[in-house]
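In: Here you go, sequence then predicted model.
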Amino acid sequence: MASGWGINGNKGRCYDFWLDFSSCMSRCRQPSDCVLLREDYLECLHHSKEVYPSFPPLTPPPIALPSCDSRPRFDG
């Protein structure tokens, strides 16, 4: 990923984030100064902060059962 080459031979989707993070790490005294850039780069790689829609649980609709009075009677 850090090479800059994507899967199709062009620039990778997260390469710009990597360049920002790498340049920050090379010029800063404390690694903690680059935490936000690191989070951006890792989010680009793994999509860990992406929100997925939550759907209600699937419950089958209620089934109307016939009442006992509607059954035909057999007198035998």
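Out: Received it, and whenever you're ready, just let me know what you need. Given the structure is predicted, the values throughout are model-derived calculations rather than measurements.
In: Could you check how far the residue nearest the centre of the chain is from Arg13?
Out: The structure's the chain has its C-alpha centroid closest to Glu50; by Cα atoms, centre = their mean the separation is 4.6 Å. When Cβ to Cβ, to the nearest Å is the yardstick, Glu50 and Arg13 sit 14 Å from each other. C-betas here are computed from N, CA, C, even on glycine.
In: just Ser26 next, same as before
Out: Using Cβ to Cβ, Ser26 is found at 22 Å from Arg13.
In: Same drill for those two, tell me which one is more crowded.
Out: Arg13 (12 against 8; other Cβ atoms under 10 Å).
In: ok, the more buried one - contacts?
Out: Contacts here follow Cβ atoms under 8 Å, 6 or more residues apart in numbering; on that basis Arg13 touches Gly6, Cys44.
In: Got the confidence number for it?
Out: Reading off the confidence values, Arg13 has pLDDT 90.
In: still on that earlier bit, what sits closest to the residue nearest to the centre of the chain if chain neighbours are left out?
Out: Glu43 (8.0 Å; Cβ to Cβ, 6 or more residues apart in numbering).
In: after the host helix or strand of Ser26, next one along is what?
Out: Using DSSP states H and E, Ser26 sits in helix 15-27. Using DSSP H and E, the helix or strand that follows helix 15-27 towards the C-terminus is helix 35-46.
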